[in-house]
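[1] Using only what follows, build the 3D model:
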Amino acid sequence: MAELPISRAIKEFLGEAEEIIEKLNLDLVTLADGNENGEVDPDLLNSIFRGAHSLKGISGMFGFDDISTLAHHMENLLDRLRLGKVALSGILVEVLFGALETLSRLVHGKGETEEYSLDLAPVLTRLEGVLNGGAAGKENLLAGLNIDPAILSVLTEYEEHRLLECFKKGRNLQSVKISFSLASFDQDLAEITDILKKKGEVISTLPCAGDVADRIGFQLLYGTSATVGEILAALGRDDAVVDLLGEKALAAAPQPKEETFASEPAGEGQEGGATSMRSISRTVRVDIDKLDSLMNVVGELVLSKAAIAAVADKARAGGDLELAVELQKAVRVLERRLDELQKGVMEVRMVPVGQLFEKMVRIVRRVAGEHGKKVAIDIRGADTELDKLIMEDLSDPLMHIIRNAIDHGIEPSEERLAAGKPEKGTIALWASQKGNHVVIEVRDDGRGVDPEKVRRKAVQRGLIAEGTELSRDETYDLLFLPGFSTRDEVSDLSGRGVGMDVVKNNISALSGMIEVDSRPGEGTTLTITLPITLAIIKALIVRVCGKTYAIPINAVMETLMVEAATVRTIERREVIELRQSTLPLLRLEDIFKLPVSSRRDGRIFVAVVGLAEKKLGIVVDELLGQQDMVIKSLGNALSFVRGIAGAADLGNQKTILVLDVGGLMSEALRGESAFYV
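    Sure thing, here's the model as predicted:
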């Protein structure tokens, strides 16, 4: 088997290392929350330890000694922690988070150049300080317990630690002996273990001699608050023998020093337990550029299918019915296969937004810590899927929104308590799918946005004139203007007047839109609506003033033909009545300053588009039908063009512009139409 080029191998390593770090980050957050609540799962500690161990191993294999060294020091600390030799504390968790952040910087830096390095001395010193400062030797109580020395001699250090933890909590230590048939002992043992886990902690599972030749026996060391009779009843097996161990020594044995954290029942506390390697081995990491290339090929095939269909129509028109029929059959078969291929490629590009939300958890903890605020995070809909490229481009805007929410929105604990709120603020990240769009909500229960303060700041900065009347939505729209900030002072996070306008532009570049809803004293919600994908789409082809445009079909709710006389003007905006509601209209010739006006008498066509709860009617001259197409970016040179999402090839040597429905709606619903193509 040919050896992979080193550059590709390094890229594969960095991708795997990044996945491990993201998993460690999430597990550390869970560990920190459990420490605050006094509920820490020993299995979680084992999982974190294995993650650091894996990172150390693969980085050493690829020659990244700095990553391997740092991971090794983390592994040492985590090993002492899971064995109970170091107490879990807030300081220890923060030191681990700091080390993990340094690892993340190293991995990302080496993605740019393999020579990237950092000074690891400060973080290594902190790790060693916590390790040495917390390594108070634990008194050995095992000799004082009434347990068979043969059992103690085969226990691992971790199992000894779990045994002492059970004694410290006053649990009964029991020995459960049971035998199984050789043909089914693995399934039977798993069932018994599951039953025991519901009532306590299985510390160790040891083989023992069976009384019958065709059977195998096991002895399970078990800690529980239940009695022997209750365990026998739960097992429901006549051949089970349950003995109470250590009861004589329990009262006399000196109790170990109280730790700063408690442990809940775990599974079989054996080192080297089952890991997630099986699921990892079933996953293939693919560069997103390769998927883009594959998607482009699919797009070209879609255009080729359309060309074959056009040839079939010409053959039918020319009287060659036999050829036309054969071509139509071929087109139908090709169309079905293309649909399957397109769906498959699209599914490969889709990833759960939970991957993005996990990154935001660390941002919340770090920023809240920098400002001395207590903030919890509420995540819902993490399994909602979004195109990988869209999600990557969303990460920076989402990070800025969260930083703003903590800096501007969440109040200090004293202020929250005085206002009758919980001491700890909450930032919610909710995702849901609505049709062909994904809606992401970022909520906080902070002080909210004061419309009057926003208006005063806008006047001071010359953004609006004194005495200008603004609706609530128009007031919130000021937050997205360049140079606007409600901060009087400049901080590390805000006050420079740069940020929310960039957030809006980045989301608009993804054919999405962002909305603000706030209640002073109650909190703020920012709602981001995005298309699930920007790759191959089905579009409605329309003609306006002799020019052809495409409207993504996932934004089109319906098409109408109405009498021009039914169009009314309200507050200088054209509207029509649609099912007892008012639908605002948008004329592309007004927006794009087209030289010829579309007809304004007789009957007109209206394409009703919508994102989230917003609706808009786009007036067009003709509806030319639907077609699959691949959107191409306009590039950096034309990135300033607003209202256009990109361009697409119709397959007949003609390129048309694809409308940015989100951008058009954002501008048109505010009455702004001063942008051109």
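[2] residues touching residue 31, list them.
    Going by Cβ atoms under 8 Å, 6 or more residues apart in numbering, residue 31 touches 40, 44-45, 48, 88, 93. Using the backbone N, CA and C atoms, a C-beta is placed for each residue, glycine as well.
[3] want to try a markdown table for the residues you listed, with distance to residue 450 and pLDDT as columns?
    As requested, those are exported to a markdown table (distance: Cβ to Cβ, whole Å; pLDDT from 0 to 100):
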| residue | distance to residue 450 | pLDDT |
| --- | --- | --- |
| 40 | 41 | 67 |
| 44 | 42 | 82 |
| 45 | 45 | 84 |
| 48 | 43 | 87 |
| 88 | 42 | 80 |
| 93 | 36 | 83 |
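[4] Could I get the buried residue list for stretch 12-24?
    13-14, 16-18, 20-24 (16 or more other Cβ atoms under 10 Å).
[5] Filter those down to the ones in helices?
    Members of the buried residues of stretch 12-24 lying in helices (criterion: DSSP state H): 13-14, 16-18, 20-24.
[6] Switch those over to CSV, and while doing so, append distance to residue 576 to every line.
    What follows is these, written out as CSV (distance: Cβ to Cβ, whole Å):
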residue, distance to residue 576
13, 59
14, 55
16, 56
17, 57
18, 51
20, 56
21, 54
22, 49
23, 53
24, 56
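[7] Just put those in JSON lines and tack on distance to residue 608 and pLDDT.
    JSON lines is the format used below for those (distance: Cβ to Cβ, whole Å; pLDDT from 0 to 100):
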{"residue": "13", "distance to residue 608": "50", "pLDDT": "79"}
{"residue": "14", "distance to residue 608": "47", "pLDDT": "81"}
{"residue": "16", "distance to residue 608": "47", "pLDDT": "82"}
{"residue": "17", "distance to residue 608": "48", "pLDDT": "84"}
{"residue": "18", "distance to residue 608": "43", "pLDDT": "83"}
{"residue": "20", "distance to residue 608": "48", "pLDDT": "86"}
{"residue": "21", "distance to residue 608": "46", "pLDDT": "85"}
{"residue": "22", "distance to residue 608": "41", "pLDDT": "82"}
{"residue": "23", "distance to residue 608": "44", "pLDDT": "82"}
{"residue": "24", "distance to residue 608": "48", "pLDDT": "85"}
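[8] Closest one to residue 555 out of the residues you listed, please.
    Set against residue 555, the nearest of these by Cβ to Cβ is residue 22 (32.5 Å).
[9] And for the closest residue to that closest one other than its chain neighbours, the neighbour number?
    Spatial nearest neighbour of residue 22, chain neighbours left out: residue 358 (5.8 Å); criterion: Cβ to Cβ, 6 or more residues apart in numbering. Residue 358: 17 surrounding residues under other Cβ atoms under 10 Å.
[10] Please identify which helix or strand holds residue 358.
    Assigned by DSSP states H and E, residue 358 belongs to helix 354-370.
[11] now residue 395
    Per DSSP H and E: residue 395 is located in helix 388-404.
[12] re the thing from before, quickly run through the sheet partners of the next helix or strand after the helix holding residue 358, with directions.
    Next in sequence after helix 354-370, counting helices and strands by DSSP H and E, comes strand 375-380. Within its sheet, strand 375-380 is paired with strand 425-434 (parallel), according to DSSP bridges.
[13] Just the buried residues of the contacts of residue 31.
    Among the contacts of residue 31, those buried by neighbour count (16+ other Cβ under 10 Å) are 40, 44-45, 48, 88, 93.
[14] Now for residue 547, how many residues are close by?
    Residue 547: 17 neighbours (other Cβ under 10 Å).
[15] For residue 662, see how far away it is.
    Remark: distance between residue 547 and residue 662 (Cβ to Cβ, to the nearest Å) = 21 Å.
[16] And for residue 164?
    60 Å.
[17] Would you pull up how far the helix or strand hosting residue 341 lies from the middle of the chain?
    Using DSSP H and E, residue 341 sits within helix 321-349. Remark: helix 321-349 is offset 34 Å from the chain centroid, using Cα atoms, centre = their mean, to the nearest Å.
[18] Could you do stretch 16-26 as well?
    Taking Cα atoms, centre = their mean, the mean C-alpha location of stretch 16-26 is offset from the chain mean by 13 Å.
[19] circling back to that earlier point, ok, the residue nearest to residue 22 touching residue 27?
    No: at 10.1 Å, residue 358 does not count as touching residue 27 under the criterion of Cβ atoms under 8 Å.
[20] what's near enough to touch the closest residue to residue 437 other than its chain neighbours?
    Closest residue to residue 437 apart from its sequence neighbours, by Cβ to Cβ, 6+ apart: residue 529 at 5.4 Å. Contacts of residue 529 were listed using Cβ under 8 Å, 6+ apart, and they are 434, 437-439, 512-515, 611-612, 662.
[21] quick one: which of these sit in strands?
    Among the contacts of residue 529, the members found in strands (DSSP state E) are 434, 437-439, 513-515, 611.
[22] I'd like those residues as a markdown table, with distance to residue 447, neighbour count and pLDDT appended.
    Converted to a markdown table, these look like this (distance: Cβ to Cβ, whole Å; neighbours: other Cβ atoms under 10 Å; pLDDT from 0 to 100):
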| residue | distance to residue 447 | neighbour count | pLDDT |
| --- | --- | --- | --- |
| 434 | 29 | 11 | 83 |
| 437 | 30 | 21 | 83 |
| 438 | 29 | 25 | 89 |
| 439 | 25 | 20 | 91 |
| 513 | 25 | 24 | 84 |
| 514 | 20 | 23 | 88 |
| 515 | 19 | 18 | 87 |
| 611 | 29 | 26 | 73 |
